[in-house]
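Peer 1: Would you be able to build a 3D model of this:
(chains A and B)
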Amino acid sequence: MPEMLPKFSTSVKLKYVKLGYQYLVNHIVTFLIIPIMAAVSIKILKLGPEEILTIWNSVHFDIVQILCSSFLVIFIATVYFMSKPRSIYLVDYACYKPPIMCRVPFSTFMEHSRLNLKDNPKSVEFQMRILERSGLGEETSLPPEIHCIPPNPTMEAARNEAEIVIFSAIDSLMQKTRIKPKDIDILIVNCSLFSPTPSLSAMVVNKYKLRSNIKSFNLSGMGCSAGLISIDLARDVLQVHPNSNALIVSTEIITPNYYQGSERAMLLPNCLFRMGGAAILLSNKRGDRNRAKYKLVHVVRTHKGGDDKAYKCVYEQEDPQGKVGINLSKDLMIIAGEALKSNITTIGPLVLPASEQLLFLFTLIGRKIFNPKWKPYIPDFKQAFEHFCIHAGGRAVIDELQRNLQLSAEHVEASRMTLHRFGNTSSSSLWYELNYIEAKGRMKKGDRIWQIAFGSGFKCNSAIWKCNRRIKTPTDGPWQDCIDRYPVHIPEIVKL
Amino acid sequence: MAEVSLTCKRTVISTKPVQPGKFCPLSALDRLMERNYLHIVFYYQSTVERNPGELTKKLREAVAEMLSAFPIITGRLFKTPEGHWTIKCNDAGMRMVEARAKGSVEKWLQNLDREKELQLVHWEEMFHKPYFWSTFYVKVTEFEEGGIAIGLSCTHLLSDPPCATMLIKAWADMTLGGKMITPPLFHPLPGRRPGNTNTNHEPYVELIDYYKLSIEKPAPVFNTKQVTIILAFDDEMVRRCITRIAPVESSRTPFEALAALFWVVVSKVKGTKGGLTNMSICLDMRNVLGLDRGFFGNCMVYNKVNGDGIEGNELCKAANGIKEVVRKMDADGIMDLIEWLKERNYQDLPWMNGYDLICVNLEAVDSYSAIFEDNARPLRVSYYIEPAVGEGQILIMPPPAGSRNTFSRVVTITLPEDEVNKLLEDALIQEFSPTILMGLNKMHSSTSL
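Peer 2: Have a look, this model is predicted:
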């Protein structure tokens, strides 16, 4: 007993020391200015009012001097405001909710796997083991053509899926934001694995009869982090075009990419990828400042493609039978960890409070100069952000990030529950997670959100948002009918 | 001639997930029927102009909703430690096949035979590992020039014809109005009501012996190919038949009259000596046992009718024999059988349809109220109890037109081909001149004899 108490009391003392240190460093400017201002005011008050008047009269104000100084001030102010990047706001977003008929319970998935891969029991076993540990639930959805035995992925079916997912999401978004199609200035569609001609963005322009001078972009092949790449692109384009808005559609079309062979490394995506899509409206208009939900603070992109191993770790190729699939290498988690470290190193200085940055700097200097054996200091990102949206790439990704960033279960709850309810919906999963946080009523004005996504290449992209206004718990959206059931406990292994 | 072309085969999932760990055990009557399976085909006309595949999609959505109430169908067969079949409700779904056919449904119905009709159903024999084998198969065939056929195949382990019809009706209700009028009930067969035991009650030995014999018999020999014809007897014809059998009309039911008629004629056609051919009747015991209409499971019981010493043409005696057996199959008798089956705990599988001529009473099956679209009653409903390996089958079914009190009936007869020919030319049949709804191949459509 006595041994326990000192430990507890020391840890409490340590906590207060840490808090005091953080408060001091983060508000250092305030702590410095207050004494100075106090001293100056006391000095001024010591002088009598006549003395103040004398000092005032002794200062000569030449007209030229006054004009020059004011021009200088105005000039500097103009240069400052002109070169400040435009604020980008996220007016609203909408996620696609797949029809409940498209859901795929574990038993159906395994049965189809056995029926389609009759001659490869080892591959079927492998899929079962993956599914058991995947963290998915019984309500994730696959498109109707994949429910067929054998799956029937025609191009027409793929286009159908694209139309249903993208148009539903856009219709929902237009209803929420009350925007008209002709008001959309920029359109960006990202879908990694399905890229028909004409492009999906042309399909959207055609369906909604968008303006002929619209700036449309179609990003394909960029993996699960393409959603944040689209946001970054939209931000850059919105810098050039004042008073505009941008519609971004992030989705992944499953129909044409369901691997039909039996190579184990290539069967993994079949177990995890599911139907989903999101539409986002960004704007740089002054008028949207009040009604926008979020403000975009930073986007940080890290590309590790220069390293051969990183480049090849998510690789689309043909298997020995000629069937095309995506090969995930065994080093995926290690490479993801390194990409994350790289990304964090860039983000840290942008978002971390001064206290954390100083600590990190001290430990870095210490490791370099004094003792390389010191543990590297992992900055506490929980101080920089209230909410975390980690791409629901798989249970392993979420576990790894939770460990690396020392996040609590509640921080990663949105990611885990999105993986359970919707599976890995690729680039749109970040939006389902954000919607979960809103649906749970946890989003408050001023909250900072970190969206982090990994993708083939190997890329690690982050976006940082700040909640712009009070957000009412949404009554529509993909979580509407099931939010009360969540969070659920997801067992390590689900026995099939 | 590939008239029916397959579009795709898929698995339909219920809209509501099933809670894990649920099991639906099978009753003693269910387990007897393992070797048998059913095919049922419902034919409908088109009521509105639709794009190809549109109605199939609507049906698919409705079936997904309907399956939420039938977790036993989306589950899979699983053997308990005692070696009995049970259904593990693992939410795996039901197979659905979509197909297209040339021509219109009316034209199809005009020159139909058993083989053609069976193109409208999809069936897969039980897998070696039945845990991945769907117990129910639905096939929806859209006719290019109008009309649709819905074929249901299922293992007899889970459902008998009235139960399968209830399933289709639930599907129809869901498509038409979005909810089921008779939701299904899953519970074991009722036990004997306590306090109602008559201490002098003799167990129904004949019924138990019949089942005992069926279980112990060796596998039947699959010899001649059988064909199926469908005859329609209208109200007046059936009444005449009844009058022929008994002077007082109300003492004989249409089933008894028609069963007796066909018993006599088939015996003649088979050339049985020393009495009528071996025949068993199969009756629906739901009313007798007081079961609700929504009861899901097997509840049809077979029993032998004694034809020894009855000469051909002695319709009266035949009908009497049948009536006697029907009367004896009361609640107590069936309870005796169920209790005996539970006690015996056999492992061998009988061929319930594999030996005698079987005469099945499907009069009360409510097939014509399965309405998927407004004002579109089924044009026809066909039943097949497979495999057809015994002496033959006679199914007595309700008529297509609405009225419930009419005595008209539709009779499906399955016999070897040469016997069918002789049957159609038989004087007794000719006397009642039924309409041929489905004749032998090459025969002209809808002729009266």
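Peer 1: which residues touch whichever residue of the stretch 51-200 of chain A sits closest to chain B?
Peer 2: With Cβ to the nearest Cβ, the shortest gap between the stretch 51-200 of chain A and chain B falls at A:Ser107, namely 3.9 Å. Heads up, the C-betas are built off the backbone N, CA and C, glycines and all. By Cβ atoms under 8 Å, 6 or more residues apart in numbering or on different chains, the contact list for A:Ser107 reads A:496, B:76, B:90-93.
Peer 1: how about the helices in the stretch 101-250 of chain A?
Peer 2: For the stretch 101-250 of chain A, the helices defined by DSSP state H, counting those that start in this stretch cover A:106-116, A:121-132, A:155-177, A:200-208, A:226-240.
Peer 1: and of the ones you listed, who's closest to B:Asn361?
Peer 2: Nearest to B:Asn361 among the helices of the stretch 101-250 of chain A is helix A:106-116 (37.0 Å), distances taken as Cβ to Cβ.
Peer 1: For B:Lys179, give me phi and psi.
Peer 2: B:Lys179 adopts backbone torsions of phi -150, psi 160, taken as degrees, to the nearest 10.
Peer 1: That one - how many residues pack around it?
Peer 2: Per other Cβ atoms under 10 Å in any protein chain shown, the neighbour tally for B:Lys179 reads 12.
Peer 1: what does the stretch 51-200 of chain A put close to chain B?
Peer 2: Selection of the stretch 51-200 of chain A residues close to chain B by Cβ under 8 Å from any Cβ of the partner chain yields A:100-101, A:103-105, A:107-108, A:110-112, A:114-115, A:138-139, A:144, A:147-149, A:152.
Peer 1: Quick one: the helices of the stretch 101-250 of chain A as JSON lines, columns for mean pLDDT and distance to B:Pro434 too.
Peer 2: Putting the helices of the stretch 101-250 of chain A into JSON lines (pLDDT from 0 to 100; distance: least, Cβ to Cβ, whole Å) gives the following:
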{"stretch": "helix A:106-116", "mean pLDDT": "92", "distance to B:Pro434": "45"}
{"stretch": "helix A:121-132", "mean pLDDT": "92", "distance to B:Pro434": "54"}
{"stretch": "helix A:155-177", "mean pLDDT": "95", "distance to B:Pro434": "49"}
{"stretch": "helix A:200-208", "mean pLDDT": "96", "distance to B:Pro434": "59"}
{"stretch": "helix A:226-240", "mean pLDDT": "96", "distance to B:Pro434": "70"}
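Peer 1: mind putting the ones you listed in a markdown table, distance to B:Phe127 included?
Peer 2: Below are those laid out as a markdown table (distance: least, Cβ to Cβ, whole Å):
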| stretch | distance to B:Phe127 |
| --- | --- |
| helix A:106-116 | 10 |
| helix A:121-132 | 14 |
| helix A:155-177 | 28 |
| helix A:200-208 | 41 |
| helix A:226-240 | 42 |
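Peer 1: Ok, which of those helices comes nearest B:Ser369?
Peer 2: helix A:106-116 (31.6 Å).
Peer 1: picking up where we left off before, what's the closest of the helices of the stretch 101-250 of chain A to B:Trp340?
Peer 2: Across the helices of the stretch 101-250 of chain A, closest to B:Trp340 is helix A:106-116 (Cβ to Cβ), at 36.0 Å.
Peer 1: Only alpha carbons, please: show the closest one as PDB.
Peer 2: In PDB, the C-alpha atoms belonging to helix A:106-116 read as follows (Å, rounded to 0.1, in the frame of the first residue of the first chain):
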ATOM      1  CA  PHE A 106     -20.000 -12.800 -43.400                       C
ATOM      2  CA  SER A 107     -21.800 -16.000 -44.100                       C
ATOM      3  CA  THR A 108     -22.800 -15.000 -47.600                       C
ATOM      4  CA  PHE A 109     -19.300 -13.700 -48.300                       C
ATOM      5  CA  MET A 110     -17.700 -17.000 -47.200                       C
ATOM      6  CA  GLU A 111     -20.300 -19.000 -49.100                       C
ATOM      7  CA  HIS A 112     -19.700 -17.100 -52.300                       C
ATOM      8  CA  SER A 113     -16.000 -17.400 -51.800                       C
ATOM      9  CA  ARG A 114     -16.300 -21.200 -51.500                       C
ATOM     10  CA  LEU A 115     -18.600 -21.400 -54.500                       C
ATOM     11  CA  ASN A 116     -16.400 -19.200 -56.700                       C
END
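Peer 1: Could you measure from the nearest residue to A:Phe109 once chain neighbours are set aside over to B:Pro130?
Peer 2: Leaving out its chain neighbours, the residue that sits closest to A:Phe109 by Cβ to Cβ, 6 or more residues apart in numbering or on different chains is A:Leu131, at 6.5 Å. Distance of A:Leu131 to B:Pro130, computed by Cβ to Cβ, to the nearest Å: 21 Å.
Peer 1: Neighbour count for those two, which is higher?
Peer 2: Taking other Cβ under 10 Å, A:Leu131 and B:Pro130 do not tie; A:Leu131 has more neighbours (19 against 16).
Peer 1: List the contacts of that one.
Peer 2: Per Cβ under 8 Å, 6+ apart, neighbours of A:Leu131: A:106, A:109-110, A:271, A:494, A:496.
Peer 1: any idea which helix or strand carries B:Val221?
Peer 2: Counting by DSSP states H and E, no helix or strand carries B:Val221.
Peer 1: Tell me how many other residues surround residue 114.
Peer 2: Answering for chain A, as no chain was given. A:Arg114 has 18 nearby residues by other Cβ under 10 Å.
Peer 1: My question was about chain B, not that one.
Peer 2: By the criterion of other Cβ under 10 Å, B:Arg114 has 21 neighbours.
Peer 1: where do the strands sit along chain A?
Peer 2: Ranges of strands in chain A, per DSSP state E, are A:88-95, A:186-191, A:215-219, A:245-252, A:276-283, A:294-303, A:314-318, A:324-328, A:387-390, A:448-455, A:459-467.
Peer 1: same for the shortest one, what does it pack against?
Peer 2: In other words, strand A:387-390. Judged by 3 or more Cβ pairs under 8 Å, 6 or more residues apart in numbering or on different chains; DSSP states H and E, strand A:387-390 is in contact with helix A:395-404, helix A:413-422, helix A:429-439, strand A:448-455.
Peer 1: Would you mark the buried spots in the last one?
Peer 2: Residues A:449-455 are the ones in strand A:448-455 that count as buried (16 or more other Cβ atoms under 10 Å in any protein chain shown).
Peer 1: And for the first one?
Peer 2: Within helix A:395-404, the residues that qualify as buried are A:395, A:397-398, A:400-402, counting by 16+ other Cβ under 10 Å.
Peer 1: quick one: average pLDDT of that helix?
Peer 2: Helix A:395-404 shows an average pLDDT of 90 in the prediction.
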